[in-house]
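[1] got a predicted structure here, sequence first:
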Amino acid sequence: MFRPYRTLLARPGALAFSSSGLLARLPMSMAGIGIVLVVVAGYDSYALAGRVSAAYVLTLALCSPRLARLVDRHGQARVMRPAIAVTSLGLAGLAVAATLQLPVGWLYVAAVVTGATMGSFGSLVRARWSHVVHTARELHTAYSLESAFDELVFVVGPVLATTLAAGVSPVAALVVSIAGLLVGGYWFLGLHGTQPPHVARPDGAARTRSVMRSGGMVVLAFVFAAVGAIFGATDVATVAFAGEQGHPELAGVVLAVFALGSMIAGLLYGARHWTAPLWRRFVLGTVALALGASLFVLVTSMAMLAGVMFVAGFAIAPTIINGNSLVRSFVPRARLTEGLALVGTMLGVGVSFGASIAGLAIDANGSRGGYLVVVVAALAVLGATAAALRTLRSATSELMFVDEPVAATLGDGTRVVVLDSLS
């Protein structure tokens, strides 16, 4: 099963940029919960912690695609080196402000600075894979590997953050996030040999045209947001359910099982070459995820919840993998980082929105109310996917987007159009 991954990572520089990218993604799962922990410790207010965390998430959602657009135009190292430095200062400012209990305005300033410059290292790593590999099969395996790494980060990050907060200090979660970002980020950006070339575009309207002009990107953005809402609502509802069952300490373990199922599925999915069209696999994945998430309302014990989560988790990684692969069919190669960052950001926005709505539902109806929010988000995934079947079908599974196809005529008069080296 692991042979395709060994072959992939044996490429020159691949193991280094994938490993460093994994370390640099640690704040992806630790920054949000770290902000909540440090603000609650300093101000004893979950409401304030939620607002500061929301400021961070919303700023990240607004700025991450724009930062990715700069990366596509000027290169990864040139843009992200100063961005990493500013992000680290923002996280450090949050820790200092909360520890010293400074006026809450400083918390919001630090949260906005952090979100505006965080960027998406997941999209940077995937952009490198798109530059390094030469076939659609290898790209499928590479994206599957990175999705598994995403899940690994979400297995380890929250558990590490809460353990550090309880055993060392609430500030420790942010300190570890900063360390991961600085070490992994600058290591990654120092690997120039695998950095994709940037494409300078002329001034004018074409330069600023949004990737959301593509109907396919609109579909992916909405679906990823709804999938994120499933994740966010599931997190909050599971914490509430564990408390109702008298085992609040098991909430993190059960959520880790959810991510573990997804990680295993991602590795299995990427080890096989699939012949079914990409759009069809994406649709089937969203259906499986929606059905699995809808089962949460039926659970009656922690053991049953863990089993359902493990099984439902198997639909997560393949759906995310296929969605990221579809981005290549909807955006030009020169805008790939921006497109990948956009769908990743919409996933994060959905997580924040789902968690907020689920919290209100839990206050009114307990954990069952939170899981009903999960079901509504699952229905939104199904509805959006069904309504956009024609748009998704227009993106072929193996022919990638290029700006200018190259045509040639063979000696026997056969007309050949070369769309892409990955075709």
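    Everything's here; your move.

[2] show me the shaky parts of the stretch 301-423 of the chain.
    Filtered on pLDDT under 70, the stretch 301-423 of the chain yields the residue ranges 395-423.

[3] try it again at 80.
    Scanning the stretch 301-423 of the chain for pLDDT under 80 picks out the ranges 328-342, 344-345, 348-349, 351-353, 355-356, 359-360, 363, 388, 390-423.

[4] the strands in it, which residues?
    406-409, 415-418 (DSSP state E, counting those that start in this stretch).

[5] how close does residue 243 sit to residue 50?
    18 Å (C-beta to C-beta, to the nearest Å). C-beta: built from backbone N, CA, C; applies to glycine.

[6] do the same with residue 322
    32 Å.

[7] and residue 394, by the same measure?
    From residue 394 over to residue 50 the distance is 40 Å, taken as C-beta to C-beta.

[8] so for the two, which residue has more residues nearby?
    Per other C-beta atoms under 10 Å, whichever of residue 394 and residue 50 has more neighbours is residue 50, with 18 against 13.

[9] pull the contacting residues for the more buried one.
    Applying C-beta atoms under 8 Å, 6 or more residues apart in numbering to residue 50 gives the contacts 36, 356, 359.

[10] what about residue 298, neighbour count?
    Using other C-beta under 10 Å: residue 298 sits among 10 other residues.

[11] scratch that, residue 104
    Neighbour count of residue 104, defined by other C-beta under 10 Å: 17.

[12] how about it: what's its closest non-neighbour residue?
    residue 48 (6.4 Å; C-beta to C-beta, 6 or more residues apart in numbering).

[13] contacting residues for the one you found?
    Taking C-beta under 8 Å, 6+ apart, we find residue 48 in contact with 39, 104, 107.

[14] you'd agree the first one is in a helix?
    Just to be clear, that refers to residue 39. Yes. Assessed with DSSP: H, G, I helix; E, B strand; the rest coil, residue 39 lies in a helix.

[15] these two touch, right, residue 354 and residue 237?
    No. Taking contacts as C-beta atoms under 8 Å, residue 354 lies outside contact range of residue 237: 9.5 Å.

[16] if I look at those two, which residues touch both of them?
    Joint contacts of residue 354 and residue 237 (C-beta under 8 Å, 6+ apart) are 373-374.

[17] for residue 382, see how far away residue 287 is.
    Taking C-beta to C-beta, one finds residue 287 at 7 Å from residue 382.

[18] what packs against the helix or strand that residue 284 is a member of?
    Per DSSP states H and E, residue 284 falls inside helix 278-294. Under the contact definition 3 or more C-beta pairs under 8 Å, 6 or more residues apart in numbering; DSSP states H and E, helix 278-294 sits against helix 215-244, helix 302-313, helix 316-330, helix 336-387, helix 389-393.

[19] hmm, 10 Å instead?
    For helix 278-294, the packing partners by 3 or more C-beta pairs under 10 Å, 6 or more residues apart in numbering; DSSP states H and E come out as helix 136-167, helix 215-244, helix 251-270, helix 302-313, helix 316-330, helix 336-387, helix 389-393.

[20] buried ones in that helix, by neighbour count?
    Residues 278-279, 281-290, 292-294 are the ones in helix 278-294 that count as buried (16 or more other C-beta atoms under 10 Å).

[21] for the stretch 51-200 of the chain, which segments are assigned as helices?
    Taking DSSP state H, counting those that start in this stretch, the helices of the stretch 51-200 of the chain run over residues 76-100, 104-117, 121-132, 136-167, 170-189.

[22] which of the ones you listed has the lowest mean pLDDT?
    Mean pLDDT is lowest for helix 136-167 out of these, coming in at a mean of 78.

[23] per-residue pLDDT, the closest residue in space to residue 170 that isn't next to it in sequence?
    The shortest distance from residue 170 to any non-neighbouring residue, by C-beta to C-beta, 6+ apart, is to residue 41 (4.0 Å). Residue 41 is assigned a pLDDT of 84 by the prediction.

[24] which residues touch residue 41?
    Residues near residue 41 by C-beta atoms under 10 Å, 6 or more residues apart in numbering: 49, 98-99, 165, 169-171.

[25] now with 8 Å?
    Residue 41 makes contact with 98, 165, 170, according to C-beta under 8 Å, 6+ apart.

[26] so how far is residue 35 from it?
    According to C-beta to C-beta, residue 41 stands 11 Å off from residue 35.

[27] so what sits against both of these two?
    With contacts taken as C-beta under 8 Å, 6+ apart, not a single residue reaches both residue 41 and residue 35.

[28] if we can go back for a sec, and the pLDDT for the residue nearest to residue 104?
    The model's pLDDT for residue 48 equals 81.

[29] helix or strand for it, which one?
    helix 46-74.

[30] buried set for that helix?
    By neighbour count on 16+ other C-beta under 10 Å, the buried set for helix 46-74 is 48-61, 63-65, 67-73.

[31] any idea how many residues pack against residue 105?
    9.

[32] distance check, residue 130 against residue 366.
    Note on residue 130: its distance to residue 366, by C-beta to C-beta, is 45 Å.

[33] repeat for residue 339
    In this view, residue 339 and residue 366 are 40 Å apart by C-beta to C-beta.

[34] so between those two, which is more surrounded?
    More neighbours surround residue 339 than the other of residue 339 and residue 366, with 32 against 15 (other C-beta under 10 Å).

[35] wait, the more buried one sits on residue 217?
    Yes. Using C-beta under 8 Å, residue 339 is in contact with residue 217, at 6.5 Å.

[36] and the residue nearest to residue 107 when sequence neighbours are not counted, what does it touch?
    Closest residue to residue 107 apart from its sequence neighbours, by C-beta to C-beta, 6+ apart: residue 52 at 4.9 Å. Residues counted as contacts of residue 52 (C-beta under 8 Å, 6+ apart) are 35, 39, 94, 104, 107-108, 111.

[37] skip the chain neighbours and tell me the closest residue to the spatially most central residue of the chain.
    Taking C-alpha atoms, centre = their mean, the centroid of the chain lies closest to residue 344, which sits 4.2 Å from it. Among residues not flanking residue 344 along the chain, residue 120 sits closest, at 5.0 Å (C-beta to C-beta, 6+ apart).

[38] and the one you found, how many residues sit next to it?
    Counted with other C-beta under 10 Å, residue 120 comes out at 26.

[39] phi, psi of it?
    With angles defined as degrees, to the nearest 10, residue 120 sits at phi -130, psi 100.

[40] how near is the residue nearest to residue 104 to residue 166?
    Residue 48 sits 21 Å away from residue 166, taking C-beta to C-beta as the criterion.

[41] cool, residue 310 as well?
    Counting by C-beta to C-beta, the gap from residue 310 to residue 166 is 26 Å.
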